[in-house]
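S.K.: The following block contains a protein sequence and its predicted model.
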Amino acid sequence: MTATTSPARPQGTDVVELIAPDGAAAAISLHGGHLLSWKPAGAAEQLYLSPRSEFAPGKAIRGGVPVIFPQFSDRGTLPRHGFARTLPWELVSSEQGKGDALAVLRLRDSDATRAIWPHAFELELSVRIGGRELDIELACENTGETRFQFTTALHTYLRVADLDAVSVEGLSGLRYFDSVKQAEALQRMDLLLTGEKGVLDLDRIYFGVKERPLLLAEDRRQVVIRQLGFEDAVLWNPGPERCAKLADMPPEGWSEMLCVEAASIGRPIELQAGESWVGRQSLALL
Ligand SMILES: O=P(O)(O)OC[C@H]1O[C@H](O)[C@H](O)[C@@H](O)[C@@H]1O
């Protein structure tokens, strides 16, 4: 069975709706190849999507899962977080299986990308839902004649009921770059408390996370976050002051979200002509 592509969700954005036989559901915008919503079977929305997000050509959507490629943040000369999140992707397929539903989207180099990044590439984003699990896989192939390097992330905005009650486990002993303090540090404790009691204005790149599972926990909810192929993870919450300066976030938006991003930043990924790389982030609601 083929899932439908509904035109004109927010302001004309094409959105692919996925529904698994057990009722798990997701919505993916072709603008940015951007997962907007994930509802596990029998459960509520797990992703944060800003009610003030702009859904306009050339603009990034605030929330969901932006695809960051080929540059993380301002770490290079390209537009912030690269161009994949602001370009139209094409839908390759969307289908329902026996126990899941899967959509595949593609972005290839174009005159617009080659004008600022002179490389031939093909990105494929696969989103699979079923039961209480979500898999997001990003594959990149070098379709040109020369090697290139890139940094990348799946910039997942998790919805939280109350940031004060949220903790993240699994980071102890890792070195991180604190982008707020512009300094490196070592994560001493396994438990990272967010919100008023913990770290506000949180912006850290944890290096060498690799396949360590992370656990996001709040009162009665636990989400296990796994990654494969990505080396690092980013934790981000703008806190009240920075949030107030973001035009596409409501003033209180920061208290309802926490980004836990699967990323490769510390060691850029290098692909020779014809080579491919694959990275995956998997979320499971316990
Ligand atoms: O506002 P954006 O360009 O979407 O970036 C949002 C955030 O993305 C990442 O998490 C970075 O580590 C942050 O420094 C940045 O503020």
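M.R.: Cool, got the structure.

S.K.: Quick one: low-confidence residue ranges for this protein.
M.R.: Residue ranges of the chain with pLDDT under 70: 1-13.

S.K.: The same query, at a cut-off of 80, please.
M.R.: Applying pLDDT under 80 to the chain flags the ranges 1-13, 190-191, 194-199.

S.K.: Next up, the contacts around L283.
M.R.: 38, 46, 133-134, 156, 223-226 (C-beta atoms under 8 Å, 6 or more residues apart in numbering). The way it works is simple: take the backbone N, C-alpha and C, and place the C-beta from them, glycine included.

S.K.: The same query, at a cut-off of 7 Å, please.
M.R.: 46, 133-134, 223, 225 (C-beta atoms under 7 Å, 6 or more residues apart in numbering).

S.K.: G144 too?
M.R.: 119-120, 273 are the contacts of G144 under C-beta under 7 Å, 6+ apart.

S.K.: ok, 10 Å please
M.R.: By C-beta atoms under 10 Å, 6 or more residues apart in numbering, the contact list for G144 reads 109, 114, 118-121, 271, 273-274.

S.K.: Go through the contacts of L283 and give me the one with the most neighbours.
M.R.: Neighbour counts for these (other C-beta atoms under 10 Å) peak at L134, which has 25 neighbours.

S.K.: Distance of it relative to the ligand?
M.R.: Per C-beta to the nearest ligand atom, to the nearest Å, L134 is found 19 Å from the ligand.

S.K.: That residue contacts A103, doesn't it?
M.R.: No - look at L134 against A103 with C-beta atoms under 10 Å: they stay out of range, at 11.7 Å.

S.K.: Count the neighbours of the nearest residue to R108 once chain neighbours are set aside for me.
M.R.: Spatial nearest neighbour of R108, chain neighbours left out: E122 (5.1 Å); criterion: C-beta to C-beta, 6 or more residues apart in numbering. Neighbour count of E122, defined by other C-beta under 10 Å: 14.

S.K.: could you pull out the helices for this structure?
M.R.: 111-116, 239-244 (DSSP state H).

S.K.: Would you mind listing the buried residues in the first one?
M.R.: Residues of helix 111-116 classed as buried by neighbour count (16 or more other C-beta atoms under 10 Å): T113.

S.K.: The last one now?
M.R.: Residues of helix 239-244 classed as buried: 239, 242-243 (neighbour count, 16+ other C-beta under 10 Å).

S.K.: What parts of the stretch 151-286 of the chain come near the ligand?
M.R.: Within the stretch 151-286 of the chain, the positions adjacent to the ligand are 179, 203, 234, 236, 259 by C-beta under 6 Å from any ligand atom.

S.K.: right, and S255 touches C243 too?
M.R.: Yes - if you go by C-beta under 10 Å, S255 and C243 touch, sitting 8.6 Å apart.

S.K.: overlap in contacts of the two?
M.R.: Contacts common to S255 and C243, judged by C-beta under 10 Å, 6+ apart, are 200, 237.

S.K.: Which single residue of the stretch 101-250 of the chain ends up nearest the ligand?
M.R.: Residue nearest to the ligand within the stretch 101-250 of the chain: W236 (3.3 Å; C-beta to the nearest ligand atom).
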